[in-house]
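Colleague: The following comprises the amino acid sequence and a computationally predicted model.
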Amino acid sequence: MSKQDTWTVMSILNWSANYLNEKGIEDARTVVEWLLCDTLGCSRMDLYLKFDRTLSEKELGKFRPMLLKCAAKQPVQQVVGTCEFYGLNFTLNEHVLIPRPETERLVEEAIKLAPSLINDLEAKEIIRKADDENTEQAVLLPKELNVLDIGSGSGCIAIALAMHIPQAKITAVEKSDDAIEVMKRNINFYNLENRIQLVHGDIYKTEFDTSFHMIVSNPPYLAKDEIAALNENVSYYEPHMALSDTDDGLSFYRYFAESFPKLMAKNAVALLEFGGNHQTEALKNIFAGFSHRIIKDYQNDDRVIILKKRED
């Protein structure tokens, strides 16, 4: 970044966007806007209201290293340490997958399905002493929708569901030690410690003492030979454990097909993200024992499969 007496918001925005364009960074101007918003602690709208504002040396000292990281193709979300997903802000780092807009389709469909699932639940009651201590009365407990999130990562799916489905009680399973720490921070930020239970473990080895009304997952679905074809900002900076099963990309779905009948309560649904049109037929075959339908993402590609058990 060249030396000059002063840098205004607009001058540094234009210079930095050109710099990133020369480095082959996509959406360079948006990336720089993100960096400046983080540097100045303002919104994107405020940024343009302050276009003639001069940056201080301290602000430039914060901005320059971030710009260089983005020029080296590190994702801007990792550089600033935050990302928006389904209208919510999440802390993240190199240990968790950056939430994608495609995954919002899974959350959107899950929220749509929740009311009918909750309506089908039987209300539980407890017997407790009345105020006079001499009689007992039956009290109906609030309905709870038991949700299982497999491979929770940053916790974005679990937290988005908890924020939009008040009755949801969520069990979030994550194998990575580092990802667990990120998820804890996000859960604490939204004060959801009492509604999201963390399970630190491998889903292949984890046993549950309850069944679930809804199961959600965005498992690693890239085949091992697809990793090499990824953009450098993904293949170098995002955790491979969250991207690929190091096989054909379908390992988790085969396991789900075997394990879900035991995990799913009556009338339960499962919503699973997958890799797109090239995996659709394989998933239909894997889940032939379930009733299913396919949901497309915002680019009109197959993206989510919704499963229900075939009741005997």
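Modeller: Perfect, thanks for sending it.
Colleague: so where do the helices sit in the stretch 151-300 of the chain?
Modeller: Under the criterion DSSP state H, counting those that start in this stretch, the stretch 151-300 of the chain contains helices at 156-164, 177-189, 232-235, 240-243, 251-263, 277-286.
Colleague: so what secondary structure elements neighbour the helix or strand containing residue 116?
Modeller: Element membership for residue 116 (DSSP states H and E) is helix 101-120. If you count contacts as 3 or more CB pairs under 8 Å, 6 or more residues apart in numbering; DSSP states H and E, helix 101-120 packs onto strand 145-150, helix 156-164, strand 212-217, strand 264-273, strand 290-296, strand 302-309. Glycine gets a C-beta too; all of them are placed from N, C-alpha and C.
Colleague: Export these as CSV, with columns for distance to residue 25, mean neighbour count and mean pLDDT.
Modeller: Compiled in CSV, the helices and strands packed on helix 101-120 are given as follows (distance: least, CB to CB, whole Å; neighbours: other CB atoms under 10 Å; pLDDT from 0 to 100):
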stretch, distance to residue 25, mean neighbour count, mean pLDDT
strand 145-150, 32, 25, 98
helix 156-164, 24, 24, 98
strand 212-217, 31, 24, 98
strand 264-273, 26, 20, 96
strand 290-296, 29, 14, 97
strand 302-309, 26, 20, 97
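Colleague: which one of the ones you listed lies closest to residue 113?
Modeller: Closest approach to residue 113 among the helices and strands packed on helix 101-120 (CB to CB): strand 264-273, 5.7 Å.
Colleague: For residue 88, what are phi and psi?
Modeller: phi -120, psi 150 (degrees, to the nearest 10).
Colleague: For it, which non-adjacent residue is spatially closest?
Modeller: Nearest non-adjacent residue to residue 88, counting by CB to CB, 6 or more residues apart in numbering: residue 160, 6.0 Å away.
Colleague: Thought residue 89 was touching that neighbour, still the case?
Modeller: No. Shown here, residue 160 and residue 89 do not form a contact pair, counting by CB atoms under 8 Å, at 11.3 Å.
Colleague: Could you tell me which residues touch both of the two?
Modeller: When CB atoms under 8 Å, 6 or more residues apart in numbering defines a contact, no residue borders residue 160 and residue 89 alike.
Colleague: Mind checking the pLDDT average for stretch 82-96?
Modeller: Stretch 82-96 shows a mean pLDDT of 96.
Colleague: quick one: buried residues of it?
Modeller: Residues of stretch 82-96 classed as buried by neighbour count (16 or more other CB atoms under 10 Å): 83, 85-86, 88, 90-93, 95-96.
Colleague: could I have it exported to CSV, CA atoms only?
Modeller: Provided in CSV are the C-alpha atoms of stretch 82-96 (Å, rounded to 0.1, in the frame of the first residue of the first chain):
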residue,chain,number,x,y,z
THR,A,82,-17.2,-12.7,11.7
CYS,A,83,-19.8,-13.7,9.2
GLU,A,84,-23.5,-13.1,8.7
PHE,A,85,-25.8,-16.1,8.3
TYR,A,86,-29.6,-16.0,8.1
GLY,A,87,-29.6,-12.5,9.5
LEU,A,88,-27.4,-13.3,12.5
ASN,A,89,-23.7,-12.5,13.1
PHE,A,90,-21.3,-15.3,14.0
THR,A,91,-17.7,-15.5,15.2
LEU,A,92,-15.6,-17.7,13.1
ASN,A,93,-12.0,-18.6,12.2
GLU,A,94,-9.9,-21.0,10.1
HIS,A,95,-11.2,-24.0,12.2
VAL,A,96,-14.8,-23.8,11.0
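Colleague: got a list of contacts for it?
Modeller: Contacts for stretch 82-96 (CB under 8 Å, 6+ apart): 38, 77-78, 81, 98-99, 103-104, 107-108, 153-156, 159-160, 163-164, 176, 178-179, 181-183, 185-186, 189-190, 237-239, 242.
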